[in-house]
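[1] Give me coordinates for this.
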Amino acid sequence: AAGEDGGEARPVPPETLAELIGLVEAKTISHGGGKTVLEHLVTKGGRPAEIVESEGLAQISDSAELGAIVDAAIDANPKAAEEVRGGNQKAIGALIGAVMWETKGRADGGEATRLIREKLGL
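    Just a heads-up that it's a prediction; the model follows:
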């Protein structure tokens, strides 16, 4: 079978898959990041941790770093922030989406949600 880049798909050794699963479980990378690493492993080979580093896929879960991004998302989406404060929990999706967009999907969704709720006084 051909890989996405047109190269031949490679078998991925079980220990390499185990390492990749460990990175996802430890929240070093997101599920989406795990998929990207797996695609890389199948088409080009390599070691999961090295791919995460070289491709800049590490998940952002640092509260200080995420906090600044969450503040910017709230400032940029005042209507959504007001709706969440008013009880419309679905509106939080717009704020989380803004955080994910800014971080190119690397933000820890759970931590981003927690910070948004905290900053909105919920």
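[2] ok, the nearest residue in space to Gly34 that is not next to it in sequence - how many residues close by?
    Spatially, and ignoring its direct neighbours in sequence, Gly34 is nearest to Val24 (4.3 Å; Cβ to Cβ, 6 or more residues apart in numbering). Yep, even glycine has a C-beta here, placed from its N, CA and C like the rest. Per other Cβ atoms under 10 Å, the neighbour tally for Val24 reads 19.
[3] before we move on, what about the one 5 residues further on?
    Here the neighbour count serves as a burial measure; for Ile29 (other Cβ under 10 Å) it reads 24.
[4] The one 3 residues further on now?
    A count of nearby residues for Gly32, using other Cβ under 10 Å, gives 15.
[5] still on that earlier bit, mind listing what the residue nearest to Gly34 touches?
    By Cβ atoms under 8 Å, 6 or more residues apart in numbering, the residues touching Val24 are Ser30, His31, Gly33, Gly34.
[6] mind listing what's buried in the helix or strand where the third one lies?
    It refers to Gly33. Taking DSSP states H and E as the criterion, Gly33 maps to helix 31-44. For helix 31-44, burial by neighbour count (16 or more other Cβ atoms under 10 Å) applies to Gly33, Gly34, Thr36, Val37, Leu38, His40, Leu41, Val42, Thr43.
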